[in-house]
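**Student:** Need the 3D shape of this:
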Amino acid sequence: IVCVGNLRPEKDTLNLLAAMTQVLCQIPQAHLLLVGGFGDPAYSDRARAEVIARKMTQAVTFLGPRDDVPQLLPSCDVAVLSSVAEGFPLAMLEYGAAGLATVSTRVGACAEILENGRVGFVVPPSASDELASAIVTLLRSRDLRERLGAAFKSRVEREYGEQKIVNEITEVYRRALSA
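**Tutor:** Model prediction:
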């Protein structure tokens, strides 16, 4: 399981850790990779303390900031975004580009990116039970992970890919020049 995002209250890593406790009860071999900077030192310390208090030091790895996220993601099975506030998170597009089955909270543009649950799971923010349930469902079904990952990848390529953006920019210039 991977979560890409700086450790800040908005990313609600504490909720993800609560969900991870439930995931481990059902799938003891599960492992969570937290990728991102320690944007809020007090919150980062709190997250680390939570991992220790929940006895999950063997199941959670803090990788810190990385510049190889696109290379790291294909080694994961499930991607998660547990935020309570978002705009349009780049991590979601990275998850889709990697073809990862994804679980996200319904904040910002996340539900739209996941086509309101058609290409990934969307759960309410701060709902650790629902977050855990979605993660467990994906971990238990390789077929579902592969189907959702492929559908999400296709969506990201189609709607947010390089060619789509180039076409949109070209259209803006075409209209501006013809005005």
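
**Student:** Mind listing what's buried along the helix or strand bottoming out on mean pLDDT in the chain?
**Tutor:** Least confident helix or strand of the chain, by mean pLDDT, DSSP states H and E, is helix 162-178 with a mean of 83. For helix 162-178, burial by neighbour count (16 or more other Cβ atoms under 10 Å) applies to no residue. C-beta coordinates here come from the backbone N, C-alpha and C atoms, glycine included.

**Student:** Show me what it is in contact with.
**Tutor:** Outside helix 162-178, the residues within contact range by Cβ atoms under 8 Å, 6 or more residues apart in numbering are residue 158.

**Student:** Now that helix - C-alpha only, CSV.
**Tutor:** Backbone C-alpha positions of helix 162-178 (Å, rounded to 0.1, in the frame of the first residue of the first chain) are rendered in CSV as follows:
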residue,chain,number,x,y,z
GLU,A,162,0.2,14.9,-22.5
GLN,A,163,-1.6,14.7,-25.8
LYS,A,164,-4.8,15.9,-24.3
ILE,A,165,-3.1,18.9,-22.7
VAL,A,166,-1.2,19.8,-25.9
ASN,A,167,-4.5,19.6,-27.9
GLU,A,168,-6.2,21.9,-25.4
ILE,A,169,-3.4,24.5,-25.4
THR,A,170,-3.3,24.4,-29.2
GLU,A,171,-7.0,25.1,-29.3
VAL,A,172,-6.6,28.1,-27.0
TYR,A,173,-4.0,29.5,-29.3
ARG,A,174,-6.1,28.7,-32.4
ARG,A,175,-9.0,30.6,-30.9
ALA,A,176,-6.8,33.5,-29.8
LEU,A,177,-5.2,33.9,-33.3
SER,A,178,-8.6,33.7,-35.1
